[in-house]
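Undergrad: sharing a sequence plus its predicted fold:
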Amino acid sequence: RWGAHFARVFALIFAAEWGDRSMLATVALGASQSPVGVTLGATLGHLAATAIAVAGGAVMAKYLSERVVSGIGGVLFLLFALLTLLGVY
């Protein structure tokens, strides 16, 4: 059961992160800086961001349903897409 959860989360995160801005920035840094330093920095930065997201999700789950959280996430996604389209964000 643990392995199935791990595989699902790994696949989701890998697919979501592939080709995004942080990956492209990491590629650029890796090309111009120490690959070991960039790997460690990127890994620790992603670990910290993920830990905050998981802890925040655990707290939100106590007060909000998954449906409400998904709705808020969807609205924010659309808002950021609109702001990006308008060149604001």
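TA: Done, it's in. Numbers count the residues shown, from 1 in each chain.
Undergrad: in this protein, where is pLDDT below threshold?
TA: Scanning the chain for pLDDT under 70 picks out the ranges 89.
Undergrad: can you show me the strands along it?
TA: Counting by DSSP state E, the chain has no strands at all.
Undergrad: which helix is the longest one in it?
TA: Counting residues, the longest helix found in the chain (DSSP state H) is helix 35-63.
Undergrad: okay, buried residues for that helix please.
TA: For helix 35-63, a neighbour-count test (16 or more other C-beta atoms under 10 Å) marks 38, 42 as buried. Quick note: C-beta positions are derived from backbone N, CA and C, even for glycine.
Undergrad: other SSEs contacting it?
TA: helix 21-32, helix 66-85 (3 or more C-beta pairs under 8 Å, 6 or more residues apart in numbering; DSSP states H and E).
Undergrad: so that helix versus helix 66-85, what angle?
TA: For helix 35-63 against helix 66-85, the angle by axes from the mean of the first three to the mean of the last three C-alpha atoms, to 10 degrees is 130 degrees.
Undergrad: what about helix 35-63, distance to the chain center?
TA: In terms of C-alpha atoms, centre = their mean, to the nearest Å, the gap separating the centre of helix 35-63 from the centre of its chain is 8 Å.
Undergrad: returning to what we had before: mind putting the helices and strands packed on helix 35-63 into CSV with distance to Gly56?
TA: Putting the helices and strands packed on helix 35-63 into CSV (distance: least, C-beta to C-beta, whole Å) gives the following:
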stretch, distance to Gly56
helix 21-32, 19
helix 66-85, 10
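Undergrad: in JSON lines, list these along with mean neighbour count and distance to His46.
TA: Shown next, in JSON lines, are the helices and strands packed on helix 35-63 (neighbours: other C-beta atoms under 10 Å; distance: least, C-beta to C-beta, whole Å):
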{"stretch": "helix 21-32", "mean neighbour count": "12", "distance to His46": "8"}
{"stretch": "helix 66-85", "mean neighbour count": "11", "distance to His46": "19"}
